[in-house]
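Undergrad: Any chance you can model this:
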Amino acid sequence: MTDISLKKAFKIADKGIISITGAGGKTTLMFRLAKELAFSGHKVLTTTTTKIFMPATNQSVHTLISDKIDHILDVTQVLWEKTSHFTAAKSNITAKNKLKGFTPAEVETLYQSGQFDFIIVEADGAAKKPLKASADHEPVVPDNTSHLIHVAGMDAIGNPLSEDIVHRAQIFSQNTGLKMDDPIDEKVLAKAMDNEIKKINHLKKTALRFALLNKADDQNREASGSTTAKLLLNNKCFFDRIIIASLENKNPIKKIYKNKGN
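TA: Residues are numbered from 1 along each chain as shown. Model (predicted):
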């Protein structure tokens, strides 16, 4: 595919809360998207409703930590003089080099302040695995999310179902019917992703929903991505678009499959 921006692929306009769930590239997507939006003139906050690792300076030059929303908003006005993007969190878990994020209600308060064009939220945890199945309390997606992006790593295809590959592998097995140690294929992945998107049913009907099949780093994985996308579409999935990508590449978008004219 000719070079296409993440902003265009995800139908991002002028403002919104972008929530990222799943596994296999959430953090990479969050900071790459933030950089693109900031470069195009938007004011962007990256944060989490769960936990994320402390950003490296090439991901976010400024990281603000405070459990007081008013303080964050006061400092924000100063930071905009230096940058168009920064990260904020409620507290620092020093022993794990992680940040603890905000509640969905606090994210909404930050957005309603009008100081941010976009808030990008990592709304799920996956322990750096290619795939995950969410527990009952997951994912933690703000109600007023405008764009929901569910990520899966195509490097999981062909690997046996285990905790090395899938975060909460036992739940994944229950959801898909795949037995532990049996190989993960495109049909199983499509079923798992369909199950995950159906769980997130509290968003407004105007919210856009995307599947991102990441790590399509070679022709085989890209082909697996296409197979998975077609299975999702044939099953009348809830995704508006299914995007095959390799986020580590300069031009990340490989293919876009549209659902219902999207």
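Undergrad: check contacts around Lys187.
TA: Leu231 (C-beta atoms under 8 Å, 6 or more residues apart in numbering). Quick note: C-beta positions are derived from backbone N, CA and C, even for glycine.
Undergrad: Doesn't it lie inside a helix?
TA: Yes - Lys187 sits within a helix when classified using DSSP: H, G, I helix; E, B strand; the rest coil.
Undergrad: pLDDT averaged over the host helix or strand of Ala152 - what is it?
TA: For Ala152, the host element (DSSP states H and E) is strand 147-153. What strand 147-153 shows for mean pLDDT is 98.
Undergrad: these two touch, right, Val140 and Pro104?
TA: Yes - shown here, Val140 and Pro104 form a contact pair, counting by C-beta atoms under 8 Å, at 6.4 Å.
Undergrad: Now do the shared contacts for those two.
TA: Thr49.
Undergrad: And the closest residue to Ser224 other than its chain neighbours, how far from Asp182?
TA: Residue nearest to Ser224 in three dimensions, not counting chain neighbours: Ile157, with 4.7 Å by C-beta to C-beta, 6 or more residues apart in numbering. Ile157 sits at a distance of 13 Å from Asp182 (criterion: C-beta to C-beta, to the nearest Å).
Undergrad: So for those two, which residue has more residues nearby?
TA: Set side by side, Ile157 and Asp182 show more neighbours around Ile157, with 25 against 14, by other C-beta atoms under 10 Å.
Undergrad: tell me the contacts of that one?
TA: Here Ile157 is in contact with Ile184, Asp185, Glu186, Leu189, Arg221, Ser224 (C-beta under 8 Å, 6+ apart).
Undergrad: so where do the strands sit in the stretch 151-262 of the chain?
TA: Taking DSSP state E, counting those that start in this stretch, the strands of the stretch 151-262 of the chain run over residues 166-167, 208-214, 241-245, 253-258.
Undergrad: Next, format those as a markdown table and append mean pLDDT.
TA: What follows is the strands of the stretch 151-262 of the chain, written out as a markdown table (pLDDT from 0 to 100):
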| stretch | mean pLDDT |
| --- | --- |
| strand 166-167 | 98 |
| strand 208-214 | 97 |
| strand 241-245 | 97 |
| strand 253-258 | 96 |
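Undergrad: which residues of the stretch 51-200 of the chain score low on pLDDT?
TA: Along the stretch 51-200 of the chain, segments meeting pLDDT under 70 are nowhere present.
Undergrad: What ranges does it have for its helices?
TA: All helices of the stretch 51-200 of the chain, identified by DSSP state H, counting those that start in this stretch, fall at 69-79, 104-112, 169-176, 186-199.
Undergrad: mind putting these in CSV, distance to Thr47 included?
TA: Below are the helices of the stretch 51-200 of the chain laid out as CSV (distance: least, C-beta to C-beta, whole Å):
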stretch, distance to Thr47
helix 69-79, 10
helix 104-112, 7
helix 169-176, 26
helix 186-199, 21
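Undergrad: Would you mind finding the most buried of those helices?
TA: helix 186-199 (a mean of 20; mean count of other C-beta atoms under 10 Å).
Undergrad: relative to strand 208-214, how tilted is that one?
TA: If you take axes from the mean of the first three to the mean of the last three C-alpha atoms, to 10 degrees, helix 186-199 sits at 150 degrees to strand 208-214.
Undergrad: so who does Val140 touch?
TA: Counting by C-beta under 8 Å, 6+ apart, Val140 touches Thr49, Thr50, Pro104, Ala123, Asp124.
Undergrad: Closest one of those to Leu213?
TA: Distance to Leu213 across the contacts of Val140 (C-beta to C-beta) is lowest for Asp124, with 16.1 Å.
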